[in-house]
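A.B. asks: Fold the stuff below for me.
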Amino acid sequence: MYVAVKGGEKAIEASRRLLEKQRRGDSRLAELSVSQIREQLRLAVARVMTEGSLYDEELAALAIKQAAGDLVEAIFLLRAYRTTLPRFGYSAPLDVGAMAVQRRISAIFKDVPGGQFLGATHDFTQRLLDFSLLADGGDTVLPAIAGGDDDAISLSPARLARVYDLLEQRGLIAQEEAPADAPDPVDLALEPLHLPAERPTRLQNLARGDEGFLLAMAYATQRGYGGNHPFTGELRFGTVSVEVSVDELDGAVIDIGDLAVTECQTINQFHSSPDHPLAFTQGYGLAFGHSERKAIAMALVDRALCSEELGETITSPAQDPEFMLLHSDNVEASGFVQHLKLPHYVDFQVEVELLRRFQANAHRADATDEIPLPVERDRDLAIQE
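C.D. replies: Next comes the predicted model:
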């Protein structure tokens with residue numbers, strides 16, 4: 001007879017205490033502070049903010065510390081906290097064209113108007129372990145750069161012409177403007193996803209989507225599962241102003257602060273329709289913080305999801321909105337997968353009893369050289385938990 005293992009509140013509390021002890025690690029070492037995580041693990045903080053749908057570097061760093069570095073768990077923590085916050089309004093659309101750029105590159109122009117700004121990137125590193133980082137105490141000493149100081153080299157103009165605008169002016173890329181009668185975008189933080197979903201809703205979903213999942217699907221589109229091998233028209237990282245309209249000030253628009261964001265626009269194969277001349281199409285990605293891999297993957301998947309609207313044949317999962325939008329959320333996916341760790345004693349006991357009945361029928365059939373008919377699940381076995 002299958003016997004369920006039983007536990008209780010004391011076991012759960014002991015498990016929680018053990019988790020906290022393991023999170024802290026060796027108490028002889030200095031504890032990792034939230035400010036250290038915020039400043040030195042900025043790429044992890046950016047991912048947690050993006051997929052947690054809450055721009056707060058301190059809270060994202062706190063979630064990473066609490067989750068012992070498990071970013072999906074940290075995203076879950078941050079998103080759960082966000083649900084407790086009141087929503088007091090909506091900002092105006094971000095003017096990404098006015099971004100104070102820290103990094104900006106284009107793969108389609110050697111001499112892009114305004115210049116290329118490499119900024120801080122791993123693109124030109126050798127991916128070799130830097131064993132000097134093992135040394136405790138003191139800051140890493142970097143060699144001086146010939147021709148000027150580091151601060152001067154890293155500065156860029158407050159506004160750079162966007163590559164998309166340059167292509168649009170020359171009639172090379174399809175214009176993408178929302179119809180005048182288009183409804184307001186759905187807020188997925190307040191409303192569940194409904195299909196079919198318009199592009200603004202899809203972009204919201206992808207912004208919150210798991211980076212690893214989007215990366216895999218974007219890679220699949222490049223390998224032929226979606227026919228999507230674009231050019232990076234522009235990739236930029238910097239800060240943008242957030243503006244809100246204040247009713248108490250007769251609707252005056254005021255700047256309430258800056259956000260660090262990464263934006264990617266891909267240039268994809270050209271397309272034509274009766275209403276639009278032949279032109280390139282684009283994919284779009286936007287994420288909090290310095291999140292280049294996420295933004296690029298998001299742009300590739302966004303373009304793949306436009307296939308039906310462009311009249312293209314749907315041949316791969318990346319082009320299927322239902323598949324992509326319903327499976328990209330790591331909080332929901334993690335819940336469904338990890339719930340398998342919870343007690344399923346009664347369910348399993350039902351399956352054990354059913355298996356024994358099949359085995360008994362098979363044994364009787366062997367004894368009589370008869371093939372048993374399929375046995376349907378007994379209603380009596382549907383034991384309620």
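A.B. asks: Quick one: distance of the longest helix along the chain to the chain centre.
C.D. replies: Ordering each helix of the chain by length in residues (DSSP state H) puts helix 345-368 first. The chain centre lies 45 Å from the centre of helix 345-368; the measure is Cα atoms, centre = their mean, to the nearest Å.
A.B. asks: for that helix, packing partners?
C.D. replies: Where contact means 3 or more Cβ pairs under 8 Å, 6 or more residues apart in numbering; DSSP states H and E, helix 345-368 is not packed against any helix or strand. All C-beta atoms are positioned from the backbone trio N, CA, C, and that covers glycine.
A.B. asks: Report the backbone C-alpha coordinates of it in CSV.
C.D. replies: Below are the C-alpha coordinates for helix 345-368, written out as CSV (Å, rounded to 0.1, in the frame of the first residue of the first chain):
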residue,chain,number,x,y,z
TYR,A,345,-0.6,11.9,-2.8
VAL,A,346,-4.3,11.2,-3.7
ASP,A,347,-3.7,11.6,-7.4
PHE,A,348,-0.8,9.2,-7.3
GLN,A,349,-2.7,6.7,-5.2
VAL,A,350,-5.4,6.7,-7.9
GLU,A,351,-2.8,6.0,-10.6
VAL,A,352,-1.3,3.2,-8.5
GLU,A,353,-4.7,1.5,-8.1
LEU,A,354,-5.4,1.9,-11.8
LEU,A,355,-2.0,0.4,-12.7
ARG,A,356,-2.7,-2.6,-10.4
ARG,A,357,-6.0,-3.2,-12.2
PHE,A,358,-4.3,-3.2,-15.6
GLN,A,359,-1.7,-5.6,-14.3
ALA,A,360,-4.3,-7.9,-12.9
ASN,A,361,-6.2,-7.9,-16.1
ALA,A,362,-3.0,-8.6,-18.1
HIS,A,363,-2.2,-11.5,-15.7
ARG,A,364,-5.6,-13.0,-16.2
ALA,A,365,-5.3,-12.6,-20.0
ASP,A,366,-1.9,-14.4,-20.0
ALA,A,367,-3.5,-17.3,-18.0
THR,A,368,-6.3,-17.7,-20.6
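A.B. asks: Go through that helix and flag the buried ones.
C.D. replies: 349, 350 (16 or more other Cβ atoms under 10 Å).
A.B. asks: Just the mean pLDDT for that helix, thanks.
C.D. replies: Averaging pLDDT along helix 345-368 gives 86.
A.B. asks: After the host helix or strand of residue 20, which helix or strand is next?
C.D. replies: Residue 20 belongs to helix 9-24 when elements are defined using DSSP states H and E. The helix or strand immediately downstream of helix 9-24 is helix 34-40, counting by DSSP H and E.
A.B. asks: Give me the helices and strands touching the next helix or strand along the chain from that next one, please.
C.D. replies: Using DSSP H and E, the helix or strand that directly follows helix 34-40 along the chain is helix 42-52. Helix 42-52 sits against helix 34-40, helix 57-66, helix 71-82, helix 199-208, strand 276-288, with contacts defined as 3+ Cβ pairs under 8 Å, 6+ apart.
A.B. asks: Those: which one's closest to residue 165?
C.D. replies: Judged by Cβ to Cβ, the one of these that comes nearest to residue 165 is strand 276-288, at 11.8 Å.
A.B. asks: How far off centre is the next helix or strand after that closest one?
C.D. replies: Per DSSP H and E, strand 276-288 leads on to helix 292-305 as the next helix or strand towards the C-terminus. On the basis of Cα atoms, centre = their mean, helix 292-305 sits 10 Å off its chain's mean C-alpha point.
A.B. asks: got the angle for helix 292-305 vs helix 199-208?
C.D. replies: If you take axes from the mean of the first three to the mean of the last three Cα atoms, to 10 degrees, helix 292-305 sits at 150 degrees to helix 199-208.
A.B. asks: other SSEs contacting the next helix-or-strand element following helix 292-305?
C.D. replies: Moving toward the C-terminus from helix 292-305, the next helix or strand (DSSP H and E) is helix 321-327. The elements that helix 321-327 packs onto, with contact taken as 3+ Cβ pairs under 8 Å, 6+ apart, are helix 199-208, helix 292-305.
A.B. asks: one more time with 10 Å
C.D. replies: Secondary-structure packing of helix 321-327 (3 or more Cβ pairs under 10 Å, 6 or more residues apart in numbering; DSSP states H and E): helix 199-208, helix 211-222, helix 292-305, helix 330-338.
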